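Enquirer: what's the 3D shape of this:
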Amino acid sequence: MRLVLVALHLERGPRAVPLGPAMLASALRRRFGGGLEVGILDLFLDGDPEACADRILASEPGYVGFSMYVWNRPLALAIARILKARAPGLVLFAGGSEATADFEGVRADPAFSFVLPGEGEELIVAAMELLGQGVAPEALQALLRPGPVRDLASLSSPFLDGTLDPARYSGQLWELSRGCPFTCDFCFESRGGAGTRRVPLARVEAELALFEAAQVSQVFVLDPTFNYNRKAAKDILRLIQRTAPGIHFFFEIRSEFLDRELARLFASVKCTLQIGLQSSSPAVLRNIGRTMDPEDFQEKILLLHQAGATYGFDLIYGLPGDDLAGFLASLDFALALAPNHLDLFLLSVLPGTRLRETAEGFGLAHETRDPYRVLGSPTFSPEDLARAGRVAHAADLFYNQGKAVPWFAMVLSALEEPPSAFFSAFADHLDTQPPGEAATLQLSFLAARFAEPRHRPAMGTVAADLVTWFTCAASLAEAADPPPAGAGTALGARVRLASFHHDPRALLDELGAGITELEDLSYVLPPSPCAVLVHGRDGDLKIRPLALAEAAALGRLGGGLTPEEAGLLASLAAEGLIVPAMA
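Expert: Prediction:
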């Protein structure tokens, strides 16, 4: 008999790894060996339900299990109903966080014979044993005893036993512990008991060595608070130093468990840290079962900043007791600490959470179906939520997508305004602009702001050059394959054509000398409009100035070139700056 475990991923990318289904498959293979054929199928949220059902049925399974999350529930249900209609004898079941949080709701769907809530490795083994003994699928639910896996050492590793091949995926999900010591009301993670349990260090070391051997580039650690156990966190970071120095890791941490040694260890490995700030208001945080000392938070983040670690924050708008002014104040608090990125979310009142139970008392109106977003509260009107959403989008576009971290503080200082006012104005600016690249929208907004009478336009030209330079640098750092063939694509994969108001070499020299005020830079940099080619990668970027004729010739690539222009491009090709075939 064949069992297919379906992973419905949000999108294609390094996080699209079926770790949950693989953990189940590993447990089943250890228990049943060849007596049960287990397959894992990767599907995606943009898939057509009928086509997804075709792929599942192609392997002629007898059982199909869905790993269900809040964001894939509609598609999972649509596929399950199609499967039930086309293959009535097929046994369908669901597990995962959504099936756990809304157990009764998922179980009530007639497409599913049973639901596996909670941690599934032991539960799915028990379910398949009962089915093998002849228990009817519809009678199975009453016989199951859900509960957490008490000892994670009892679980087999899907990586080490070959169930999940790290080389097949561009990234990996990695579980080092289960359970959460905190009781945040908006989160389901801490419910279920059994405390915090850790994967044995010997297994961690073996999996890490396997990732390095498979040349995995990114690993997303699933622990909700990686540094809760400081000693264990330090041991693993030292292990990463020795075993996998080339892999980039993503950790979720809490600020209160940071110390100087841990900050330095984070900075010593390739990693990005995500810190759940949620709000800068202690009163608002108390409404969701969290505490935070703003001064201590700032001191701990300063340790990361001084060590040179890469970190970002999460903020949630729409929290009970919060309002638009409070959200904007949290935005200012967060950006004053110079995070490398900032993720902003509208609150979701998820099934199974304490917030779902207390929402009525707080006056939270929210969607009753996924994604369960908050619609308003006594302090946060629907109109204010919409405004917060526009500001959040503006901040994401300008700060995150626009790679503004290196120069954002310089612009704010020149404009003499807090981040919340800046992003509120940018949100209004976006309403007047057609959709476009982040850098294009940044440049149009900054040009308009510095053209205001209270500012000096000369500072605006320096700001524009900063945007252009750091956009080029970020683009080159991320460059991989050559661009597709077509008009204007003769530049090498790691070459960018850019126009500046000032000589970019002089700009970089002044920045290197410590001049970081736009007003000062506008005085020391003479206007010098120019076009250049920026090439290289990472910390080794070079600038090749272009003569007017060279710039004009590059602008005509893909069209008809004069012999003189063709000669100019041939010289650039000899320097390795354009694709020779296009010369």
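Enquirer: which residues in the stretch 1-150 of the chain form strands?
Expert: For the stretch 1-150 of the chain, the strands defined by DSSP state E, counting those that start in this stretch occupy 2-9, 37-44, 63-67, 91-95, 114-116.
Enquirer: Throw those into JSON lines and include mean pLDDT, thanks.
Expert: Listed next are the strands of the stretch 1-150 of the chain as JSON lines, based on pLDDT from 0 to 100:
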{"stretch": "strand 2-9", "mean pLDDT": "96"}
{"stretch": "strand 37-44", "mean pLDDT": "96"}
{"stretch": "strand 63-67", "mean pLDDT": "97"}
{"stretch": "strand 91-95", "mean pLDDT": "96"}
{"stretch": "strand 114-116", "mean pLDDT": "96"}
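Enquirer: could I get these as JSON lines with mean neighbour count?
Expert: In this view, the C-beta of every residue, glycine as well, is placed from N, C-alpha and C. Shown next, in JSON lines, are the strands of the stretch 1-150 of the chain (neighbours: other Cβ atoms under 10 Å):
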{"stretch": "strand 2-9", "mean neighbour count": "22"}
{"stretch": "strand 37-44", "mean neighbour count": "18"}
{"stretch": "strand 63-67", "mean neighbour count": "26"}
{"stretch": "strand 91-95", "mean neighbour count": "25"}
{"stretch": "strand 114-116", "mean neighbour count": "24"}
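Enquirer: Now tabulate those in a markdown table and tack on distance to residue 380.
Expert: Output for the strands of the stretch 1-150 of the chain, formatted as a markdown table (distance: least, Cβ to Cβ, whole Å):
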| stretch | distance to residue 380 |
| --- | --- |
| strand 2-9 | 32 |
| strand 37-44 | 34 |
| strand 63-67 | 33 |
| strand 91-95 | 34 |
| strand 114-116 | 34 |
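Enquirer: And these: which comes nearest residue 301?
Expert: Proximity to residue 301 (Cβ to Cβ) singles out strand 2-9 among the strands of the stretch 1-150 of the chain, at 32.4 Å.
Enquirer: and the angle from the closest one to strand 91-95?
Expert: Between the axis of strand 2-9 and that of strand 91-95 there is an angle of 40 degrees, by axes from the mean of the first three to the mean of the last three Cα atoms, to 10 degrees.
Enquirer: what are the pairing partners of strand 2-9, and which direction each?
Expert: strand 37-44 (parallel), strand 63-67 (parallel) (DSSP bridges).
Enquirer: Give the full set of residues in contact with the residue lying closest to residue 38 once chain neighbours are set aside.
Expert: Closest residue to residue 38 apart from its sequence neighbours, by Cβ to Cβ, 6 or more residues apart in numbering: residue 25 at 4.5 Å. By Cβ atoms under 8 Å, 6 or more residues apart in numbering, the contact list for residue 25 reads 5, 38, 39, 40, 158, 163.
Enquirer: still on that earlier bit, can you tell which of the strands of the stretch 1-150 of the chain is closest to residue 339?
Expert: strand 2-9 (27.1 Å).
Enquirer: which other residues reach that closest one?
Expert: Residues outside strand 2-9 that contact it (Cβ under 8 Å, 6+ apart) are 15-16, 18, 20-21, 24-25, 28, 36-45, 47, 56, 59-69, 72, 75-76, 79, 128.
Enquirer: one more time with 7 Å
Expert: Residues from elsewhere that reach strand 2-9, judged by Cβ atoms under 7 Å, 6 or more residues apart in numbering: 16, 18, 21, 24-25, 36-45, 56, 59-67, 72, 75-76.
Enquirer: do the same with stretch 199-211
Expert: Outside stretch 199-211, the residues within contact range by Cβ under 7 Å, 6+ apart are 152-153, 157, 159-160, 166, 172, 175-177, 219, 235-236, 239-240, 243-244, 247.
Enquirer: Okay, helices next: where are they in the stretch 451-583 of the chain?
Expert: Under the criterion DSSP state H, counting those that start in this stretch, the stretch 451-583 of the chain contains helices at 457-478, 504-512, 518-524, 548-555, 563-574.
Enquirer: State the distance from residue 371 to residue 180.
Expert: Noted for residue 371: a distance of 21 Å to residue 180, by Cβ to Cβ, to the nearest Å.
Enquirer: Comparing those two, which residue is more hemmed in?
Expert: residue 180 (19 against 13; other Cβ atoms under 10 Å).
Enquirer: So the more buried one is in contact with residue 225, correct?
Expert: Yes: applying Cβ atoms under 7 Å, one finds residue 180 in contact with residue 225, separated by 6.5 Å.
Enquirer: What residues of stretch 364-371 count as buried?
Expert: Using 16 or more other Cβ atoms under 10 Å as the burial criterion, the residues of stretch 364-371 that qualify are 364, 366, 370.
Enquirer: Tell me the one of these nearest residue 109?
Expert: Closest to residue 109, out of all of the buried residues of stretch 364-371 and judged by Cβ to Cβ, is residue 370, at 13.3 Å.
Enquirer: For that closest one, identify the helix or strand it belongs to.
Expert: Of the helices and strands defined by DSSP states H and E, none includes residue 370.
Enquirer: nearest residue to it other than its sequence neighbours?
Expert: The spatially closest residue to residue 370, leaving aside those adjacent along the chain, is residue 70, at 4.8 Å (Cβ to Cβ, 6+ apart).
Enquirer: Count the neighbours of that neighbour for me.
Expert: Residue 70 has 19 nearby residues by other Cβ under 10 Å.
Enquirer: Surely residue 242 is within a helix?
Expert: Yes: counting by DSSP: H, G, I helix; E, B strand; the rest coil, residue 242 is part of a helix.
Enquirer: Please enumerate the strands of the stretch 151-300 of the chain.
Expert: Under DSSP E, counting those that start in this stretch, the stretch 151-300 of the chain gives strands at 171-174, 177-178, 197-198, 218-221, 248-253, 271-278.
Enquirer: any chance of these in JSON lines, plus mean neighbour count?
Expert: What follows is the strands of the stretch 151-300 of the chain, written out as JSON lines (neighbours: other Cβ under 10 Å):
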{"stretch": "strand 171-174", "mean neighbour count": "22"}
{"stretch": "strand 177-178", "mean neighbour count": "20"}
{"stretch": "strand 197-198", "mean neighbour count": "16"}
{"stretch": "strand 218-221", "mean neighbour count": "20"}
{"stretch": "strand 248-253", "mean neighbour count": "21"}
{"stretch": "strand 271-278", "mean neighbour count": "21"}
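Enquirer: Redo those as TSV? Include mean pLDDT and distance to residue 51.
Expert: Output for those, formatted as TSV (pLDDT from 0 to 100; distance: least, Cβ to Cβ, whole Å):
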stretch	mean pLDDT	distance to residue 51
strand 171-174	95	25
strand 177-178	90	34
strand 197-198	91	39
strand 218-221	96	28
strand 248-253	96	31
strand 271-278	96	34
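Enquirer: Redo the ones you listed as TSV? Include distance to residue 535.
Expert: As requested, the strands of the stretch 151-300 of the chain are exported to TSV (distance: least, Cβ to Cβ, whole Å):
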stretch	distance to residue 535
strand 171-174	28
strand 177-178	44
strand 197-198	47
strand 218-221	26
strand 248-253	24
strand 271-278	27
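Enquirer: right, and those strands - which one's nearest residue 550?
Expert: strand 248-253 (37.4 Å).
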